[in-house]
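1. got a sequence here, can you model it:
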Amino acid sequence: MFFAADTVEGGRFRAEVRAWLEANLPAAYRHHLQVLDPAVLRDWQRRLHARGWVAPGWPREHGGMGATLDEQLILLEEQAKAGAPPVLPTGINLLGHALMAFGTPAQQAFHLPRILDGSIFWAQGYSEPNAGSDLASLGTRADAEGDTLVVNGGKIWSSFAHFCDWMFALVRTDPAAQPKHAGISMLLIDLRSPGVTIRPIRTIAGRDEFAQVTFDHVRVPRANLLGKAGDGWRVANHVLVFERLSNGSPRNALLQWSKVRAVAARTGVAAEPAFQDRLAALEIRLIAHLALYRDAVEKVRARQSIDDVAPVMKIVSTELLQGLTELLLEAAGDRGAPLAFPAAHGGALELAGEYLLARRATIFGGSNEIQRNILGSRVLGLPKSY
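-> Have a look, this model is predicted:
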């Protein structure tokens with residue numbers, strides 16, 4: 001079953017992608033949980049880069065694939081079906097687009113090739129201990145000393161920062177500016193600089209996914225400002241457009257869908273009418289979500305707003321993911337509780353872990369309750385009830 005309708009050219013491209021994945025995706029890399037060894041992420045990104053498929057949405061002049069939307073969806077589907085690891089999104093999906101829009105020629109020439117080949121991994125530095133949802137109140141300072149900005153403060157909940165090389169961070173360069181967001185700038189910071197301390201944060205799931213990053217008189221060249229001083233809010237909003245696409249991507253749901261089918265075939269439950277009915281209902285929702293995602297990508301390409309679509313994508317993608325992981329455990333039956341389920345590729349699927357990780361999906365990236373409030377007040381014009 002394919003979710004993207006293939007043309008003749010699309011069919012050929014799908015066959016090419018499938019054959020390449022079969023030959024180049026190691027069995028040990030397939031169907032892992034979301035948190036991976038950074039060495040695996042770098043190696044997989046370099047393999048994709050060597051094939052020219054690491055940044056399908058980037059234009060060719062910046063080293064990307066310049067793929068059509070159909071080609072992007074085919075790559076998304078086939079990698080998900082094969083259980084391929086993700087590409088760390090902060091560089092490819094977020095910062096890369098901001099560098100193309102706001103970066104100087106020198107910044108683009110240095111950073112874009114290193115984002116593509118995986119030699120530099122990027123962390124996002126937005127949230128602070130006292131500035132989460134209200135980013136305009138952030139307190140990390142970057143004070144000018146000649147051609148240098150001296151950074152003091154810190155960021156928290158920065159995903160994978162403990163194995164990243166650089167961070168794009170919102171910092172306050174003008175404390176007196178009004179409104180508050182007018183004094184914020186976007187700064188590119190080398191995390192190996194003296195004065196940077198990174199402390200991994202172990203979650204209740206036992207994984208070091210997040211980190212707290214502190215800056216103690218960290219000296220950063222003024223040339224590392226992305227955009228003009230005080231223009232960080234505009235740059236951050238540009239990043240937000242692509243972050244919304246990333247948060248609303250059907251990739252994780254597609255990955256779980258492929259696992260549901262594989263496990264159901266292994267246990268024999270795939271032949272049961274009741275299971276087929278539940279799977280078909282989720283597949284219909286997945287097809288609809290892919291159509292919604294396609295529409296959002298086309299709007300972004302046309303420089304149109306996706307403010308009305310982004311909350312829906314976040315809600316649909318995460319609740320669909322949870323529904324599929326529930327069905328995944330049902331497909332496994334009494335073998336769903338153990339941490340490892342034998343997979344066709346020779347490795348193992350971590351079914352219980354997949355289910356538990358999916359529980360939080362409706363919270364991160366703006367909880368689904370907040371997304372529904374946004375839809376009600378900003379899109380439908382309903383009065384606030386809180």
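2. switch to C-alpha atoms for all contacts and neighbour counts from now on
-> Fine.
3. isn't Ala331 up against Val263?
-> Yes - counting by CA atoms under 8 Å, Ala331 does reach Val263; the two are 6.1 Å apart.
4. so where's the stretch 1-150 of the chain shaky on pLDDT?
-> The stretch 1-150 of the chain contains residues with pLDDT under 70 at 1-6, 33-36, 132-134.
5. try 90
-> Counting by pLDDT under 90, the stretch 1-150 of the chain contains low-confidence ranges at 1-11, 27-41, 57, 68-70, 72-73, 76-77, 80-89, 127, 129-137, 139.
6. now the helices for it?
-> 8-24, 38-51, 69-82, 89, 96-102, 105-117 (DSSP state H, counting those that start in this stretch).
7. in TSV, list the ones you listed along with mean neighbour count and distance to Asn252.
-> Listed next are the helices of the stretch 1-150 of the chain as TSV, based on neighbours: other CA atoms under 10 Å; distance: least, CA to CA, whole Å:
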stretch	mean neighbour count	distance to Asn252
helix 8-24	14	18
helix 38-51	17	16
helix 69-82	21	7
helix 89	17	13
helix 96-102	19	22
helix 105-117	16	22
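8. for Ile370, find the nearest of the ones you listed.
-> helix 89 (23.0 Å; CA to CA).
9. quick one: contacts of the closest one?
-> Residues outside helix 89 that contact it (CA atoms under 8 Å, 6 or more residues apart in numbering) are Ser246.
10. and if we set it to 10 Å?
-> For helix 89, contacts defined as CA atoms under 10 Å, 6 or more residues apart in numbering pick out 95-96, 121-123, 242-243, 246-247.
11. which regions of the stretch 251-386 of the chain sit below the pLDDT cut-off?
-> Ranges of the stretch 251-386 of the chain meeting pLDDT under 90: 251-252, 254-256, 258-259, 261-263, 265-267, 294, 297-311, 329, 332-371, 373-386.
12. residue boundaries of the strands in it?
-> Assigned by DSSP state E, counting those that start in this stretch, the strands in the stretch 251-386 of the chain fall at 341-342, 348-349.
13. number of nearby residues for the residue lying closest to Ala67 once chain neighbours are set aside?
-> Nearest residue to Ala67, sequence neighbours excluded (CA to CA, 6 or more residues apart in numbering): Pro56, at 5.2 Å. For Pro56, the neighbour count with other CA atoms under 10 Å is 21.
14. before we move on, what about Asn368?
-> Per other CA under 10 Å, the neighbour tally for Asn368 reads 20.
15. what about it, distance to Leu324?
-> 17 Å (CA to CA, to the nearest Å).
16. what about the residue nearest to Gln371 when sequence neighbours are not counted, how many neighbours?
-> Closest residue to Gln371 apart from its sequence neighbours, by CA to CA, 6+ apart: Pro311 at 5.1 Å. Number of residues near Pro311 (other CA under 10 Å) recorded here: 23.
17. same deal with Val297?
-> Using other CA under 10 Å: Val297 sits among 18 other residues.
18. where's the residue nearest to it when sequence neighbours are not counted, which helix or strand?
-> Nearest non-adjacent residue to Val297, counting by CA to CA, 6+ apart: Leu245, 7.4 Å away. Assigned by DSSP states H and E, Leu245 falls within helix 232-247.
19. show me what that helix is packed up against.
-> helix 89, helix 96-102, strand 166-172, strand 184-190, strand 225-226, helix 273-301, helix 310-332 (3 or more CA pairs under 10 Å, 6 or more residues apart in numbering; DSSP states H and E).
20. what about Gln212, how many neighbours?
-> Neighbour tally, Gln212, other CA under 10 Å: 22.
21. element containing it?
-> Using DSSP H and E, Gln212 falls in strand 208-221.
22. report the two of the contacts of helix 89 separated the most.
-> Phe121 and Asn247 (18.8 Å).
23. quick one: Trp233 and Ala182 touch, right?
-> Yes - assessed by CA atoms under 10 Å, Trp233 is found in contact with Ala182 at 7.2 Å.
24. any shared contact partners between the two?
-> Common neighbours of Trp233 and Ala182, using CA under 10 Å, 6+ apart, are Ala136.
25. on that earlier part again, quick one: contacts for the residue nearest to Ala67?
-> The neighbours of Pro56, taking CA under 10 Å, 6+ apart as the test, are 63-69, 71-73, 75-76, 92.
26. Ile156 too?
-> Ile156 touches 124-132, 198-201, 210-214, counting by CA under 10 Å, 6+ apart.
27. sec struct for Asp174, please.
-> coil (DSSP: H, G, I helix; E, B strand; the rest coil).
28. burial measure for it, as a count.
-> By the criterion of other CA under 10 Å, Asp174 has 19 neighbours.
29. list the contacts for it?
-> Asp174 touches 141-144, 180-185, 229-230, counting by CA under 10 Å, 6+ apart.
30. next one: Trp140 from Gly83, what distance?
-> One thing to correct before we go on: residue 140 is Thr, not Trp. Relative to Gly83, Thr140 is positioned 39 Å away (CA to CA).
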